[in-house]
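> Compute the structure for the input listed below.
(chains A and B, ligands or ions: 2)
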Amino acid sequence: MKFLVCISHVPDTTTKITFTPDGKAFNAAGVQFIINPYDEMALTRALELKEAQGGTVTVINVGPATTEPTLRKALAIGADDAIRVNAEPTDALFVAGEIAAVAKDAGYDIIMGGRESIDYNGCQVMGMVAEFLELPSVAIATKVDVSGTTATLEREIDGGKEIVSVNLPFVVSAQKDFAEPRIPNMRGIMSARTKPLKVVEPTVSLKPTASVAFQNPPPKSECKMISADNPEELIQLLHTEAKII
Amino acid sequence: MPLLVYAETWDGKFKKPSFEAMTYAYELAKTTNDTVTAVVIGAAGDDELKRAGEYGCTKVLHANDAKYASFCPSAYTAVIADCATAENAKTIVFSQTYSGKSIAPRLAAKLKAGLVSGAIALPSSTQPFVVRKKCFSGKGFTDVQVSSDVKIIAVFPNAHHITTNTTALTIQVVNPAVADAQFNTKVNEVKKTSGKIVLTEADLVVSAGRGMKGPENWGMIEDLADALGAATACSKPVADMGWRPHHEHVGQTGITISPNLYIAIGISGAIQHLAGISSSKVIVVINSDKEAPFFKIADYGIVGDAFQIVPKLTEAVKQLKSSH
Ligand SMILES: Cc1cc2nc3c(=O)[nH]c(=O)nc-3n(C[C@H](O)[C@H](O)[C@H](O)COP(=O)(O)OP(=O)(O)OC[C@H]3O[C@@H](n4cnc5c(N)ncnc54)[C@H](O)[C@@H]3O)c2cc1C
Ligand SMILES: Nc1ncnc2c1ncn2[C@@H]1O[C@H](COP(=O)(O)O)[C@@H](O)[C@H]1O
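Numbers count the residues shown, from 1 in each chain, chains lettered A, B, ... in the order given. Ligands and ions are numbered 1, 2, ... in the order given. Model prediction:
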């Protein structure tokens, strides 16, 4: 089986998020970047399926040269080869268009990614890739198993889970529980240096959205303490001050 | 040109986020003197569909063929795209629910439309078209400018109010030609886990942790939730010990929610717990330890014994409700 795993390059989850003084861009100075956590789960599941059933795992990122260490990390975890589309990933439709262009006619059986990237929280790219390639899609999946040419997946819905089956090829986005990420070992890290990382130039020009301004949320106001002797006051405040009950 | 809103249903009834999306679309349409058409896919009775008129829609397009009985992203996308073309709609509103996340991106690709997912406010301007959303998992906001002819907005659940705007409504059954090949995912089973109120959609949530000492003490938590009309949630250890079902567990390894009110009772406020609830609008913390980290992000706090406080809160809620 041939897997394509879409890797987004995002600030580490513990990063303090700040923006440039003009509020027009994310301030990346001194920030540590990682593989988007959901994409790492997708990658791990692809590797598990490959180990069980044979095949290759290719990782792809749409991004400038600065994302290459993130792709190397994916190779260290176990991907066979990597593709980088050399462009700033400023719009989801653009990113998806590039991924679809690379995947078209390349014969991938399963295209995997994360439910959302933790920077722009789009939840967009994987569904768009599926539509561009006219493939079935399963979003926010917590499990995937493959048997022959069909796969069975579990996905989250509001207030429950759904069990879905689909024929290969298809697109899936991973949610928590999809797989337990692996820590790369020394051998993986050494071999990652020599694994192929191909750079291709973008072919699509569509960019219908752009982030034009950023802001941090206003600081949280002080916690208002209410005496344990008079908890009824809380309900009054929720009614008259916060106006939520 | 009407705005289109995808109004999701469950068991033939509109979901709460659908009313939020309808209200959002209505308020946006009003600024340009346009009307709102709702698209409903799957079985629903006309009595239910008429409710769309209470939230400002003037038309419902209902794809009620039996083949839409279970959810399939590409087929549903094809239906909405067909309705958008038929109505010549240039703005399409979704709710950022699990279904919204499954279809809105596909529709955006099909229509070459810019998509703002997780919008938290009406557009701040329509020329240029700019919509605010959260980014960096709640650690920031960004204003997204959309330049395509067709624009799609998926509204974050609980971010927009629901108001009634009663209008005359027509219901039209539609049956767009959707190729069999588009029915390419098959739902084998739906496992409903939630109780009366679906946690991810709940406005108000009462949550409790290890401070409750044991499962036998959850009666008072449920009483408070019932009095408020709230859903119940819990911390991870509580679910791990089997005191509460796992689908109630919120946090980094559980589900993420953003209700208007989150009441945390006997929960310490570990960073992994906060990851699932920090974008709640108002946070109330009840804890016997005044040093509990949860107080740092709370809006209201009570230091004291939950066993004493919670029943009093329930009484106060009942009194408040009976006096209105
Ligand atoms: C990788 C990882 C992922 C995790 N994911 C999650 C997650 O998704 N969700 C999650 O919740 N946790 C998660 N955790 C666990 C988390 O770190 C905490 O251990 C957990 O949230 C603590 O649960 P608690 O607050 O219920 O219990 P405790 O930390 O034991 O806190 C109990 C609280 O109750 C108070 N209390 C005691 N008696 C009373 C009383 N009579 N009245 C009022 N208050 C009282 C105490 O003062 C205390 O603050 C994760 C941990 C790790 C390492
Ligand atoms: N620049 C990118 N390059 C490759 N894959 C991406 C990129 N951006 C997003 N993805 C994939 O799409 C998923 C959803 O991202 P998003 O729509 O941005 O929330 C991510 O989890 C990745 O798997």
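
> ok, and for stretch B:153-170, which residues are buried?
For stretch B:153-170, a neighbour-count test (16 or more other Cβ atoms under 10 Å in any protein chain shown) marks B:153, B:154, B:155, B:156, B:157, B:158, B:159, B:160, B:162, B:167, B:169 as buried. Where C-beta positions appear, they are placed from N, C-alpha and C, glycine not excepted.

> now stretch A:237-245
A:237, A:238, A:239, A:242, A:245.

> Show me where chain A dips below the pLDDT cut-off.
Under the criterion pLDDT under 70, no range of chain A is flagged.

> Same check on chain B?
B:194-195.

> run the last query once more with 80
Residue ranges of chain B with pLDDT under 80: B:193-196, B:324.

> how about the residues of it that lie near ligand 1?
B:209-211, B:235-238, B:249, B:251-254, B:266-268, B:270, B:272-273, B:276, B:286-289, B:292, B:305-307 (Cβ under 6 Å from any ligand atom).

> Which members of these occur in helices, if any?
Judged by DSSP state H, the residues of chain B next to ligand 1 include B:236, B:237, B:238, B:272, B:273, B:306, B:307 as members of helices.

> wait, doesn't the fourth one sit right on residue B:254?
No: with contact defined as Cβ atoms under 8 Å, residue B:272 does not reach residue B:254; the gap is 9.0 Å.

> what is in contact with those two at once?
residue B:236 (Cβ atoms under 8 Å, 6 or more residues apart in numbering or on different chains).

> Compare neighbour counts for these two and give me the winner.
The neighbour comparison of residue B:272 against residue B:254 (other Cβ atoms under 10 Å in any protein chain shown) goes to residue B:254, with 23 against 12.

> Spatially nearest residue to that one (excluding sequence neighbours)?
Excluding its sequence neighbours, the residue lying closest to residue B:254 (Cβ to Cβ, 6 or more residues apart in numbering or on different chains) is residue B:276, at 5.7 Å.

> for residue B:82, same thing?
Ranked by Cβ to Cβ, 6+ apart and with sequence neighbours excluded, the top spatial neighbour of residue B:82 is residue B:176, at 3.7 Å.

> Break down the chain into its helices, ranges please.
Since you didn't name a chain, this refers to chain A. With DSSP H as the criterion, chain A has helices at A:37-53, A:68-77, A:92-103, A:125-132, A:186-192, A:232-240.

> Let me rephrase: I mean chain B.
B:16-31, B:46-50, B:73-87, B:98-111, B:219-228, B:236-240, B:271-274, B:306-322.

> Give me the contact list for the first one.
By Cβ under 8 Å, 6+ apart, the residues outside helix B:16-31 that reach it are B:2-9, B:35-36, B:38, B:52, B:55-57, B:91, B:93-97, B:100, B:119, B:122-123, B:126, B:153, B:155, B:157-163, B:165, B:201.

> hmm, 6 Å instead?
Applying Cβ atoms under 6 Å, 6 or more residues apart in numbering or on different chains, the contact partners of helix B:16-31 are B:3, B:5, B:7-8, B:36, B:55-57, B:93, B:95, B:97, B:122, B:155, B:157, B:160, B:162-163, B:165, B:201.

> For ligand 1, give me its nearest residue in the stretch 51-200 of chain B.
The nearest approach of the stretch 51-200 of chain B to ligand 1 comes at residue B:199, 13.4 Å away (Cβ to the nearest ligand atom).

> Just confirm that residue contacts residue B:234, I think it does.
No: the pair residue B:199 / residue B:234 is not scored as a contact, 10.2 Å apart, by Cβ atoms under 6 Å.
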